[in-house]
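Peer 1: coordinates for the following, if possible.
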Amino acid sequence: MDLLARLGMTVPLVQAPMAGVSTPSLAAAVSNAGGLGSIGLGASNTATAQEMIHAVRAQTERPFNVNLFVHATPVLSPERDAAWLNWLAPLFAEFGEAPPTQLNTLYTSFNDDPDMLDMLLHVRPPVISFHFGLPPAQTVLALKATGAVLLASVTSLDEARAAETAGMDAVVAQGIEAGGHRGIFNPEGEDNALGIMPLTRLLVKQGRLPVIAAGGIMDGAGIAAALALGACAAQMGTAFILCPESSADTGYRQTLSGPAAFHTRLTSLVSGRPARCLGNRFTALEAIADKPVTPAYPVTYDAGKALHKAAMKQGDYGYGAYWAGQGAPLARAMPAQELVMKLVDELKQARAEK
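Peer 2: Reported below is the predicted structural model:
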């Protein structure tokens, strides 16, 4: 049985699990429309994650995906953190505030969170996906025993093969065009920055798992192109940010709807790992040659969030973590279910025009 049939999906579409933006209402709306809705749990504690899962189930009887961050445990460095905060101090001063006195690890990796694992084994979400890496073998076996379908984001053939060996059911081929954090397993290693087209085709031809293509897809024609490459579905995140069901704030929506959408940039300055963001004052700092080394992910995020909060008090949205893919200018503001229906119509039209 193919992946879509196994999940009861009638639309070859996965809504990306954008932590901090995707909501239970958004995920449920996409699933109810025949796609696979998703919620991001990487920035949530166990109690909040469980509440979110229950909230999705209250709004749909269809399968949905929960996403977890599987990053390496951060190696803390007080000296590096202090240098980073000192470098950011003039930016805080612009808004009449001082930087934090120290940085904290905001998000716990799934590999370091046994309570999260216990909760998932208890509530048994139908689909579980992993970003930044893979959980250990015993965790995979325990989750598969619940009947869950397991997905992993990958950026290379080597990562896809690791996902195969680990027992994943499918891979999400994350092209360099994708918004949000690069899913590369080792951010200190070489990133060949493969685009969605070569990466998807490579994994289809040389991998053994179903491939979900992700990166810059914004309409039905984009979905058709992904399917033509051999993907079984397309994953879309930026396309859903302007939906009323998303939790994107006013600054995010205004920035995505403005000229910054044409200037997405990869930056590590916000969180400590490379991520594609709408062009703003934060991404512009990448051009500074003598900036200090960023603290480890997600420690850097503590400073980035504090700076964004200070700026927002003054009505400045230039430091927001406004993740978006290269297709950002094509974002449309409409309810999620209506958007899915629109995408289906566009997909049919694209196929008919072949």
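Peer 1: touching, Tyr297 and Leu269? I think so.
Peer 2: No - counting by Cβ atoms under 8 Å, Tyr297 stays clear of Leu269, with 11.5 Å between them. (Glycine included, C-beta is placed from N, CA and C.)
Peer 1: shared neighbours of the two, anything?
Peer 2: Contact criterion Cβ atoms under 8 Å, 6 or more residues apart in numbering; residues shared by Tyr297 and Leu269: none found.
Peer 1: please give me every residue in contact with Asn104.
Peer 2: Contacts for Asn104 (Cβ under 8 Å, 6+ apart) come out as 299, 302.
Peer 1: I should have written Thr48 there, sorry.
Peer 2: By Cβ under 8 Å, 6+ apart, no residues touch Thr48.
Peer 1: so where do the strands sit in the stretch 251-354 of the chain?
Peer 2: 265-267, 275-277 (DSSP state E, counting those that start in this stretch).
Peer 1: so where's the stretch 251-354 of the chain uncertain?
Peer 2: Along the stretch 251-354 of the chain, the model assigns pLDDT under 70 to no residue.
Peer 1: mind redoing it with 90?
Peer 2: Filtered on pLDDT under 90, the stretch 251-354 of the chain yields the residue ranges 286-290, 353-354.
Peer 1: any chance of the strands of the stretch 251-354 of the chain in TSV with distance to Asn45 and mean neighbour count as columns?
Peer 2: As requested, those are arranged in TSV below (distance: least, Cβ to Cβ, whole Å; neighbours: other Cβ atoms under 10 Å):
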stretch	distance to Asn45	mean neighbour count
strand 265-267	26	18
strand 275-277	22	24
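Peer 1: distance to Pro244 added to those strands, as CSV?
Peer 2: Converted to CSV, these look like this (distance: least, Cβ to Cβ, whole Å):
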stretch, distance to Pro244
strand 265-267, 27
strand 275-277, 23
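Peer 1: relative to Met218, which of those is closest?
Peer 2: Met218 lies closest to strand 275-277 among the strands of the stretch 251-354 of the chain, at 13.9 Å (Cβ to Cβ).
Peer 1: show me what that closest one is packed up against.
Peer 2: Of the remaining helices and strands, those touching strand 275-277 by 3 or more Cβ pairs under 8 Å, 6 or more residues apart in numbering; DSSP states H and E are strand 180-181, strand 265-267.
Peer 1: give me the contacts around it.
Peer 2: Applying Cβ under 8 Å, 6+ apart, the set of residues contacting strand 275-277 is 177-182, 264-268, 270, 283, 321-326.
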